[in-house]
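Novice: Model the following, please.
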Amino acid sequence: MDGDPARHEFPVRLSHTDAAGVMFFPAAFEVEQEFLERWLEAGGMGVRGMLDGTLAPIGGATRDA
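Specialist: Alright, predicted model coming up:
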(Lines give C-alpha, C1' and ligand atoms only; values in the text may rest on other atoms or scores of the structure.)
Protein backbone atom coordinates (compact mmCIF):
# COMPACT_ATOMS: atom_id res chain seq x y z
CA MET A 1 0.00 0.00 0.00
CA ASP A 2 3.01 2.29 0.06
CA GLY A 3 1.95 3.96 3.32
CA ASP A 4 -1.23 5.40 1.81
CA PRO A 5 -4.31 3.51 3.08
CA ALA A 6 -6.41 4.94 0.25
CA ARG A 7 -4.15 3.38 -2.39
CA HIS A 8 -4.12 -0.32 -3.11
CA GLU A 9 -2.76 -2.24 -6.06
CA PHE A 10 -4.09 -5.66 -6.89
CA PRO A 11 -3.60 -8.15 -9.71
CA VAL A 12 -6.49 -8.47 -12.13
CA ARG A 13 -6.82 -12.21 -12.57
CA LEU A 14 -8.19 -14.11 -15.53
CA SER A 15 -11.23 -15.06 -13.43
CA HIS A 16 -12.09 -11.34 -13.08
CA THR A 17 -12.40 -10.83 -16.84
CA ASP A 18 -14.10 -12.12 -19.96
CA ALA A 19 -12.31 -13.26 -23.13
CA ALA A 20 -11.85 -9.65 -24.26
CA GLY A 21 -10.15 -8.70 -20.99
CA VAL A 22 -13.10 -6.65 -19.69
CA MET A 23 -13.67 -6.98 -15.95
CA PHE A 24 -16.94 -8.66 -14.98
CA PHE A 25 -19.23 -6.29 -13.07
CA PRO A 26 -19.57 -8.64 -10.04
CA ALA A 27 -15.78 -8.98 -9.86
CA ALA A 28 -15.54 -5.24 -9.23
CA PHE A 29 -17.53 -5.74 -6.02
CA GLU A 30 -15.17 -8.52 -4.91
CA VAL A 31 -12.18 -6.24 -5.47
CA GLU A 32 -13.91 -3.36 -3.64
CA GLN A 33 -14.73 -5.61 -0.68
CA GLU A 34 -11.11 -6.73 -0.42
CA PHE A 35 -9.95 -3.10 -0.59
CA LEU A 36 -12.42 -2.06 2.13
CA GLU A 37 -11.31 -4.86 4.44
CA ARG A 38 -7.61 -3.99 3.98
CA TRP A 39 -8.35 -0.28 4.49
CA LEU A 40 -10.23 -1.00 7.72
CA GLU A 41 -7.42 -3.25 8.96
CA ALA A 42 -4.87 -0.51 8.22
CA GLY A 43 -6.93 1.77 10.47
CA GLY A 44 -7.16 -0.81 13.26
CA MET A 45 -10.79 -1.67 12.54
CA GLY A 46 -10.65 -5.15 11.03
CA VAL A 47 -13.79 -6.91 9.90
CA ARG A 48 -12.94 -9.92 12.09
CA GLY A 49 -13.10 -7.73 15.20
CA MET A 50 -16.47 -6.36 14.14
CA LEU A 51 -17.83 -9.85 13.57
CA ASP A 52 -16.59 -11.30 16.86
CA GLY A 53 -17.79 -8.30 18.86
CA THR A 54 -14.45 -6.85 19.98
CA LEU A 55 -14.97 -3.77 17.78
CA ALA A 56 -18.12 -1.76 17.18
CA PRO A 57 -19.46 -2.13 13.63
CA ILE A 58 -19.16 0.84 11.31
CA GLY A 59 -22.29 2.59 10.13
CA GLY A 60 -23.41 2.26 6.55
CA ALA A 61 -25.02 4.65 4.15
CA THR A 62 -28.26 3.82 2.40
CA ARG A 63 -29.84 5.31 -0.66
CA ASP A 64 -33.36 4.76 -1.89
CA ALA A 65 -33.83 4.48 -5.63
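Novice: Pull the contacting residues for the residue nearest to Thr17 when sequence neighbours are not counted.
Specialist: Nearest residue to Thr17 in three dimensions, chain neighbours excluded: Met23, at 5.4 Å (Cβ to Cβ, 6 or more residues apart in numbering). (Glycine included, C-beta is placed from N, CA and C.) Contacts for Met23 (Cβ atoms under 8 Å, 6 or more residues apart in numbering) come out as Val12, His16, Thr17.
Novice: Serialize the residues you listed to TSV and add fields for distance to Met50, pLDDT and neighbour count.
Specialist: Converted to TSV, the contacts of Met23 look like this (distance: Cβ to Cβ, whole Å; pLDDT from 0 to 100; neighbours: other Cβ atoms under 10 Å):
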residue	distance to Met50	pLDDT	neighbour count
Val12	28	82	11
His16	26	86	17
Thr17	31	89	13
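Novice: Tabulate the residues you listed in JSON lines, adding columns for distance to Asp4 and secondary structure.
Specialist: JSON lines is the format used below for those (distance: Cβ to Cβ, whole Å; DSSP: H, G, I helix; E, B strand; the rest coil):
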{"residue": "Val12", "distance to Asp4": "20", "secondary structure": "coil"}
{"residue": "His16", "distance to Asp4": "23", "secondary structure": "helix"}
{"residue": "Thr17", "distance to Asp4": "26", "secondary structure": "strand"}
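Novice: re the thing from before, would you mind giving both backbone torsions of the residue nearest to Thr17?
Specialist: phi -70, psi 130 (degrees, to the nearest 10).
Novice: Give me the pLDDT value at it.
Specialist: According to the prediction, Met23 has pLDDT 86.
Novice: what does Gly60 give?
Specialist: 66.
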